[in-house]
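> I would like the atomic coordinates for the input below:
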Amino acid sequence: MMATDDIAIVGLACRFPEASSPTQFWQNLAQGRESIARLSDAQLRHAGVSDSEFEQPSYVKAYTPLADVDKFDARFFGVPTAEAKLMDPQQRTLLEIVYHALEDAGALQTAQQSETGVYATGGGITRSYLYQEATKHFNGNSDTGSLLQLLNDKDFLATRVSYKLNLQGPSLSVQTACSSSMVAVHLARSALLSGEIDIGIAAASCIRLPQDRGYNAAESMIYSPTGRCRTFSDDADGTIFGSGSGAVVLKRYQDALADGDHIYALLKSTAVNNDGAGKFGFTASSVPGQAKAIVKAIALAGISADQLSYIECHGTATKIGDPLEIRSLEKAFSLDTDKKQFCHIGSVKPNIGHLEQAAGLASLIKLALMIKHRRLVPTINFRAPNPKLKLPQSPFKMALDYEAWEPEQQRRYAGLNCLGVGGTNVFAVLSDLPTTDTTLSNDNSFVEPAQDVLCLSAKTKAQLVEYIECIANDERPLPLCALAYNINTSRAHLPIRNTVVINRDMSIAQWREQALTKISAPSEQRRMTFDKPAHYICNPTEFVNPSQLAALTTDMRCQHFTDTHQRWLDSEALTLIIASTAPFAQHVAQLFAFELALYEQLKHWGMKMASFLGEGIGQYVQLLLAGVPLQKWLNTLEKELHTHQRHLSHTQTDCFSQMGEVAIEQEVHLASEAPIIYRNRPSDNTTESVCVCDSGRFTATDLWSLLATIVDQGAHINWQNYYPFNAFEKHTLPNYPFEKKRYWLVDED
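I've put the predicted structure just below:
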């Protein structure tokens, strides 16, 4: 039976030290990589650290490098250059990270159509851009409502994401020090369970500036004098702080299953509390407080403590904090079990440092990836257990190797402990999917199509080329039709478009070649603008090939075409045309039905028509759609066809070909040269694009070519209507390649 309180992690993105993506982050974790760099004296001087400062014995020349904190794709998010330079890098990075997380979840389009909540947190001011750069180098207004405030204050962290990505659910900035990001996860989970939102985004961005400087370990007991984080080790001497950003996309489990989402892990429960006054001081942690949160989360998850086989700990490697955390866990576990050393423990902080407000999300993303890969990863910098932890007498043992995660129980259950200065504790329970539940595979009744269109798009031509290369070089290539489904339904459709007609036998290399060739073509051939008509030309001497029409009617994506085509053939209007005495009446009725069905099919796929214009026979189709009574124009149609019949010099088997030739000579638009014009208005309602569809020789291939032309012109297509429900499985794909440029108040030397 499905647990109704389970929340699915369906998308994630991160930018951590030496890891620009979840894939790179996972590789670093699996390899036991320490992403802490050592600084030279020259680097410290360049960062503004004086010789007298870094020559002190307690000064630690170490930091956790986060790449490209000075860079941003301002053009993509519509941020003017002056504002981009003034905006806090934490906010800039968060925009890109949330966008990538929604891409990973396949929810860029649905997030804007649903109630999507954003719960975000950012780093403090002491090492922030505002404190380190803006107030020193910006001379403008800094009052409430000023650009300086709007672009840097944490109050606007979540709401800027909602504004730029058009997300219309609750948008909250959350601040509880080091537990902030897991509190954000808790709030998103609660809103999902209450039905307040349909998609939840929990995000965090903490960037310490300037980056390339060390710290004086004598300033606080929590700083490591060796510049290493040695969680739970007998030589643990403190922590090192770092920078990073991350985001997860959450949905109700039953919704994620129904939507065929890719699920990393299940969030079974979260519990939040505060220590209150029952501790030595404001910054101290409390064993009873932590234990209460742990016990509550385990109970809410509907499991017992002995079912947990891994705990991702807060693990700051401080001499006081580590023993208190283990004591809290042991106190909570003792209520359910007296078993010893059955549950692995570890922490991500030795790998990337303590990311402050983003620390909890770093732990959550690590744990979600472990569950996805069914692997334990090593906790690095561990020599021997701190004797104060008394691990041999506890339920816990260290995770020290990259190994298969094989718990005693069939399910993998894991806990995540996150603590904040000030006493706000969070504990979460995660699991893999039950063996009885899997994400929905493609509809068994859906036959992989012979052809489809694959639309990749970007804000610039250079980004589009890079995007094509990223997709083509993906280590986990999909069959092209499955790739088309994933890209068309999960990615944004941006102004510079590249739509290629593909078939099931085409290789990824062939698609890449066609896509790049199309980009390199002259612009007037490569992409039609909204104010320049795109003409779809067919041979005007032959009607629709019956076998090709059958191919359309058997394609599930064209079910609307099939139903509409038959409905019109059975309609009173076309019955009257067939019963008339006009030559070619049967042929004209078939033509009517085809054009009307094609028009309705395009509408069903989401193409918005500003107007419908018909030429030749299409004029009568236009009257039919407009609801003009048939008897008002049927006689006119008959007369026109009789008149045309008299122009034929003789009768041959290929009469339709002759009729087309005579019609062209006399500039009379009749049955076999009777285009319908679909005039599409783009979403911004600024101009119109025109697609002319001639119903001469029209095959199934022509339909996909027509659709590719329409999409390239900028038309909005409702891909949820285009594809049968859950036509293919959803997959993780390479993210959009942002075009990053330096935006900083002070130029480089």
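> Pretty sure residue 389 is one of the things residue 234 touches, is it not?
No: taking C-beta atoms under 8 Å as the definition, residue 234 is not a contact partner of residue 389, at 9.2 Å. To be clear about C-beta, it is placed using only N, CA and C from the backbone, and glycine gets the same treatment.
> Which of the two has more residues huddled nearby?
residue 389 (22 against 13; other C-beta atoms under 10 Å).
> And for the more buried one, nearest residue in space, chain neighbours not counted?
Closest residue to residue 389 apart from its sequence neighbours, by C-beta to C-beta, 6 or more residues apart in numbering: residue 326 at 4.7 Å.
> Show me the chain divided up by domain.
7-431, 451-527, 535-698 (automatic domain parsing).
> Report the distance from the shortest one to the chain centre.
Put plainly, it is domain 451-527. 17 Å (C-alpha atoms, centre = their mean, to the nearest Å).
> same question, the first one
Using C-alpha atoms, centre = their mean, we find the averaged C-alpha position of domain 7-431 to lie 20 Å away from the chain's own average C-alpha position.
> Need the distance between the two termini of it.
Using C-alpha to C-alpha, to the nearest Å, the end-to-end distance of domain 7-431 comes out at 10 Å.
> avg pLDDT for it?
Here domain 7-431 scores 95 as its mean pLDDT.
> Ok, the shortest one next?
What domain 451-527 shows for mean pLDDT is 90.
> any idea how far residue 451 lies from residue 733?
From residue 451 across to residue 733, the span is 21 Å (C-beta to C-beta, to the nearest Å).
> repeat for residue 48
From residue 48 to residue 733 the distance is 42 Å (C-beta to C-beta).
> ok, now residue 510?
Residue 510 is 19 Å from residue 733, by C-beta to C-beta.
> out of the two, which sits in the more crowded spot?
Comparing residue 510 with residue 733 by neighbour count (other C-beta under 10 Å), the higher total belongs to residue 733, at 19 against 14.
> ok, now which ones touch the spatially closest residue to that one that is not a sequence neighbour?
Counting by C-beta to C-beta, 6+ apart, residue 733 lies nearest to residue 486, which is 5.9 Å off, once chain neighbours are set aside. Neighbour list for residue 486: 106, 478, 728, 730, 731, 733 [criterion: C-beta atoms under 8 Å, 6 or more residues apart in numbering].
> Kindly provide the distance from residue 331 to residue 295.
9 Å.
> The two: which is more packed in?
Neighbour totals were compared for residue 331 and residue 295, and residue 295 leads with 19 against 16 (other C-beta under 10 Å).
> Can you list phi and psi of the more buried one for me?
phi -60, psi -40 (degrees, to the nearest 10).
> Look up how far residue 284 lies from it.
20 Å.
> swap in residue 185?
24 Å.
> swap in residue 573?
From residue 573 to residue 284 the distance is 82 Å (C-beta to C-beta).
> okay, these two: which has more neighbours?
Neighbour count, other C-beta under 10 Å: between residue 573 and residue 284, residue 573 has more, with 17 against 13.
> Which pLDDT value goes with that one?
The model's pLDDT for residue 573 equals 86.
> Tell me who's in contact with it.
Neighbours of residue 573 in contact, by C-beta under 8 Å, 6+ apart: 592, 624, 630.
> May I have the phi/psi pair for residue 426?
Dihedral angles for residue 426 - degrees, to the nearest 10 - are phi -130, psi 130.
> oh sorry, the question was meant for residue 266
phi -110, psi 140.
> Give me the distance between it and residue 195.
Distance from residue 266 to residue 195, by C-beta to C-beta: 19 Å.
> between the two, who's got more neighbours?
For residue 266 versus residue 195, neighbours defined as other C-beta under 10 Å are more numerous around residue 266 (26 against 9).
> If you drop the residues flanking it in sequence, what lies closest to residue 503?
Per C-beta to C-beta, 6+ apart, closest to residue 503 is residue 451, 5.0 Å.
> in terms of contact, does the one you found touch residue 704 like I think?
Yes: using C-beta under 8 Å, residue 451 makes contact with residue 704 at a distance of 5.0 Å.
> which strands and helices sit next to the helix or strand hosting residue 594?
Secondary structure from DSSP states H and E places residue 594 in helix 585-604. Contact partners of helix 585-604 among helices and strands, from 3 or more C-beta pairs under 8 Å, 6 or more residues apart in numbering; DSSP states H and E: helix 559-569, helix 572-579, strand 609-614, helix 617-626, helix 631-647, strand 676-680.
> between those, which gets nearest to residue 203?
Residue 203 lies closest, by C-beta to C-beta, to one member of those: strand 676-680, at 36.0 Å.
> residues contacting the spatially most central residue of the chain?
Centroid-nearest residue in the chain: residue 103, 1.4 Å away (criterion: C-alpha atoms, centre = their mean). Counting by C-beta under 8 Å, 6+ apart, residue 103 touches 11, 13, 490, 491, 733, 735, 736.
> Okay, and which of those residues map to helices?
When those are checked against helices (DSSP state H), the matches are residue 490.
> Now do the helices for the stretch 1-150 of the chain: every range, in order, please.
22-30, 41-46, 51-54, 81-86, 89-104, 108-113, 129, 135-137, 147-150 (DSSP state H, counting those that start in this stretch).
> Any idea which of those gets closest to residue 414?
Minimum separation from residue 414 across these (C-beta to C-beta) falls at helix 22-30, 14.5 Å.
> what about residue 729, distance to residue 517?
Look at residue 729 and residue 517: by C-beta to C-beta, they are 30 Å apart.
> do residue 186 as well
50 Å.
> Residue 236 now?
Computed as C-beta to C-beta, the residue 236 to residue 517 distance reads 58 Å.
> tell me the secondary structure for residue 481?
helix (DSSP: H, G, I helix; E, B strand; the rest coil).
> In this structure it contacts residue 447, no?
No: if you go by C-beta under 8 Å, residue 481 and residue 447 don't touch, sitting 10.5 Å apart.
> Between these two, point out the one with more neighbours.
Remark: of residue 481 and residue 447, residue 481 carries more neighbours, 20 against 13, as counted by other C-beta under 10 Å.
> wait, what's in contact with that one?
Residues near residue 481 by C-beta under 8 Å, 6+ apart: 448, 449, 452, 502, 504, 728.
> do the same with residue 480
Contacts of residue 480 by C-beta under 8 Å, 6+ apart are 452, 454, 502, 503, 504, 506, 507, 508, 511.
> Tell me if the second one really is in a strand.
In other words, residue 454. Yes: checked against three-state DSSP, residue 454 lies within a strand.
> In contact with it, which residues are there?
When contacts are counted by C-beta under 8 Å, 6+ apart, residue 454 touches 480, 483, 484, 487, 488, 499, 500, 502, 511.
> roughly how far apart are the closest residue to residue 39 other than its chain neighbours and residue 41?
In this structure, residue 39 finds its nearest non-sequential neighbour in residue 61, 4.4 Å apart by C-beta to C-beta, 6+ apart. As judged by C-beta to C-beta, residue 61 and residue 41 stand 8 Å apart.
> what residues are shared contacts of these two?
Going by C-beta under 8 Å, 6+ apart, residues that sit against residue 61 and also against residue 41 are residue 54.
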